[in-house]
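# below is the sequence, then the predicted model.
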Amino acid sequence: MVDVAWLGHACFTLEEGKRLIFDPFRDVGLPEPKVKADIILCSHSHSDHNNVRPVRHERSIVLEGFGGVKDVDGISIKGINTFHDEAKGSARGKNTIYVVGFGGLSFCHLGDLGHILTPSQIDEVGPVQVLFLPIGGYYTIGPVEARKVMESLRPPVTIPMHYRIPGMSSIFDSLITLDDFIRREDNVKRLDGPRFTINKENLPEEPTLIIPKLS
């Protein structure tokens, strides 16, 4: 059983024995994550995705801009090189997608993906059960592109991220809100808090959007 927690923005933790964190942030207006993690994955070098210092301990493994496959204490980590924009990185640089085998499930964190995935990238990602999907636009893909990516990967669970919420700095005012992404026909599960648990046995039968709520 994997415990999943949203710490805000594009930052999530996975925990089952070991704790892994994606894209710890600073300078977004929200409290910085301070939970210590054994594995720290940063999709790119911008400060709202690579604030390693407060979540690192002396034995932490930190990966940023990693391409390839790596085994860390029995956890499979695949880094897929993509771009932060639609111009092959000329506007905002590179981005790394991480596919993590954790607790018997495959989790995919898209970071600040700025373009629709190519067929070869879709194949490289492979089957995933839980997708962390940026939807905010401007800095990442927006709602239309995000939905195309989601439909191309077809995960049972999608967790939208990197959208505008109360408390964020004004520099993120251009991001869309969650309601700009959700459609009437979507199967949506809204949580009362930032955490939930998941395993193979409790995956939804129909594609589902899970929406954590910050405390």
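The structure has been received and is ready for your questions.
# which residue of this structure lies farthest from its centroid?
Residue farthest from the centre of the chain, counting by C-alpha atoms, centre = their mean, is residue 58 at 24.5 Å.
# that residue is in what secondary structure piece?
Using DSSP states H and E, residue 58 sits within strand 56-64.
# likewise residue 107?
strand 105-109.
# helices of this structure, start to end?
119-125, 143-153 (DSSP state H).
# on contacts alone, who are the packing partners of the longest one?
By that I understand helix 143-153. Judged by 3 or more C-beta pairs under 8 Å, 6 or more residues apart in numbering; DSSP states H and E, the packing partners of helix 143-153 are helix 119-125, strand 130-134. From N, CA and C alone the C-beta is placed, and that goes for glycine too.
# low-confidence ranges in the chain?
84-93 (pLDDT under 70).
# strands of that one, start to end?
Counting by DSSP state E, the chain has these strands, from start to end: 2-8, 11-16, 18-22, 37-42, 56-64, 68-72, 75-83, 94-102, 105-109, 130-134, 157-161, 188-190, 195-198, 208-211.
# of all the ones you listed, which one is nearest residue 144?
strand 130-134 (12.7 Å; C-beta to C-beta).
# with only the CA atoms kept, save that closest one in PDB.
Presented in PDB, the C-alpha positions along strand 130-134 are these (Å, rounded to 0.1, in the frame of the first residue of the first chain):
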ATOM      1  CA  VAL A 130      -0.900   6.800 -11.500                       C
ATOM      2  CA  LEU A 131      -0.200  10.000 -13.600                       C
ATOM      3  CA  PHE A 132       0.800  13.300 -12.100                       C
ATOM      4  CA  LEU A 133      -0.300  15.700 -14.800                       C
ATOM      5  CA  PRO A 134       0.500  19.500 -15.200                       C
END
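# which elements pack onto that strand?
Against strand 130-134 (3+ C-beta pairs under 8 Å, 6+ apart) you get strand 105-109, helix 143-153, strand 157-161.
# what's the longest one in contact with?
In other words, helix 143-153. 108, 110, 113, 115-117, 122, 125, 128, 131, 133-135, 137, 140-141, 158, 160, 176, 180-181 (C-beta atoms under 8 Å, 6 or more residues apart in numbering).
# give me the distance between residue 193 and residue 136.
22 Å (C-beta to C-beta, to the nearest Å).
# pick out whichever of those two has more residues nearby.
Neighbour count, other C-beta atoms under 10 Å: between residue 193 and residue 136, residue 136 has more, with 26 against 11.
# isn't that one up against residue 180?
No - between residue 136 and residue 180 there is no contact under C-beta atoms under 8 Å: 9.0 Å.
# overlap in contacts, those two.
residue 163.
# now do the buried residues in stretch 143-158.
143, 145, 146, 147, 149, 150, 153, 155, 156, 157, 158 (16 or more other C-beta atoms under 10 Å).
# now the end-to-end length of stretch 177-194.
17 Å (C-alpha to C-alpha, to the nearest Å).
# what's the closest non-adjacent residue to residue 108?
Leaving out its chain neighbours, the residue that sits closest to residue 108 by C-beta to C-beta, 6 or more residues apart in numbering is residue 128, at 4.2 Å.
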